[in-house]
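Asker: have a look at this prediction, sequence included:
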Amino acid sequence: MKQEVIRELTTAELMERLEEERLQLSKLKMNHAISPLENPNKIKAYRRTVARLRTEVTRRQNEAAGANMSNNK
């Protein structure tokens, strides 16, 4: 998933997608531990997507915190 697509998601969609991607990543890891995947690079792609989603969540939380700090002055 590209960063541009992630930025277009609402916060609720972002959190839902993050949970889905985490579950899929854990399933892939489990399947790979049992029997090797045909394409193990999928694990890498899901791991990066989860990281991108988490980064966007953190960025939005920091923006919200920054907005709250400026409103309190």
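Answerer: Arrived safely, thanks for sending. Numbers count the residues shown, from 1 in each chain.

Asker: distance of Asn41 from Glu4?
Answerer: 22 Å (CB to CB, to the nearest Å). All C-beta atoms are positioned from the backbone trio N, CA, C, and that covers glycine.

Asker: also Ile43?
Answerer: Counting by CB to CB - Ile43 and Glu4 are separated by 23 Å.

Asker: got it, and Ala51?
Answerer: Using CB to CB, one gets 16 Å for the distance from Ala51 to Glu4.

Asker: and those two? which has more neighbours close in?
Answerer: Using other CB atoms under 10 Å as the criterion, Ala51 and Glu4 rank with Ala51 on top: 11 against 7.

Asker: which helix or strand contains the more buried one?
Answerer: Secondary structure assigned from DSSP states H and E places Ala51 in helix 41-71.

Asker: from the contact counts, what lies against that helix?
Answerer: Under the contact criterion of 3 or more CB pairs under 8 Å, 6 or more residues apart in numbering; DSSP states H and E, helix 41-71 touches helix 3-8, helix 11-34.
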